[in-house]
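Enquirer: Attaching a predicted model along with its sequence, questions to come.
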Amino acid sequence: MKRILITLAAAVLCTLSALAQNDNADNIIGKYICGTGKDAYKVEITKQSDGYKCQIFWVADPLDENGKPSLDTKNPDKSLRSVPMDRVVLFKGLKYDAEKKHWSDTKIYDPNRGIKVKVTISFDDPKTLKVRGTVLGIGETVTWNRI
């Protein structure tokens with residue numbers, strides 16, 4: 001019984017900490033690691049005049065099959081197809097919604113699929129972002145861990 005109460009108390013504290021992270025718009029600023037293994041990448045979220053921006057700054061597997069830097073070849077904007085994968089911008093203009101306590105109001109770019117989808121971001125716990133992309137109500141959620 002004592003162990004159950006301690007576990008429950010810890011869960012409540014983690015939830016409250018995550019909710020507190022969602023209370024301040026600038027808490028999202030920082031560096032995160034995403035994915036695993038050769039698909040891992042690191043991003044940095046910064047504050048801009050029009051909202052928050054997220055850009056990749058490191059990829060685990062930076063070279064293509066020919067030993068050259070991997071490029072954003074699937075980008076629908078042909079002028080961005082020569083951008084190295086470790087410099088791809090995932091979103092710009094992300095806004096904080098104080099009422100809903102999450103970040104949204106922009107689209108996130110998925111360079112693996114070459115598409116942009118609506119995004120909603122919130123903290124799952126103090127060091128973990130829950131990033132949800134949706135198209136026509138169908139979505140996928142991934143987690144990014146603060147580094």
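Expert: Everything's here; your move.
Enquirer: Quick one: low-confidence residue ranges for this protein.
Expert: Along the chain, the model assigns pLDDT under 70 to residues 1-20.
Enquirer: Do a quick rundown of the helices in it.
Expert: For the chain, helices defined by DSSP state H occupy the ranges 2-21.
Enquirer: Distance of the residue lying closest to Ala40 once chain neighbours are set aside relative to Met85?
Expert: Leaving aside its sequence neighbours, Ala40 sits nearest to Ala60 (CB to CB, 6 or more residues apart in numbering; 4.1 Å). All C-beta atoms are positioned from the backbone trio N, CA, C, and that covers glycine. Ala60 sits 10 Å away from Met85, going by CB to CB, to the nearest Å.
Enquirer: now swap in Asp39 and tell me
Expert: Taking CB to CB, one finds Asp39 at 11 Å from Met85.
Enquirer: The two - which one has more neighbours?
Expert: Met85 (20 against 11; other CB atoms under 10 Å).
Enquirer: That one reaches Val59, doesn't it?
Expert: Yes: judged on CB atoms under 8 Å, Met85 makes contact with Val59 at a distance of 5.0 Å.
Enquirer: ok, longest strand in this structure?
Expert: strand 115-125 (DSSP state E).
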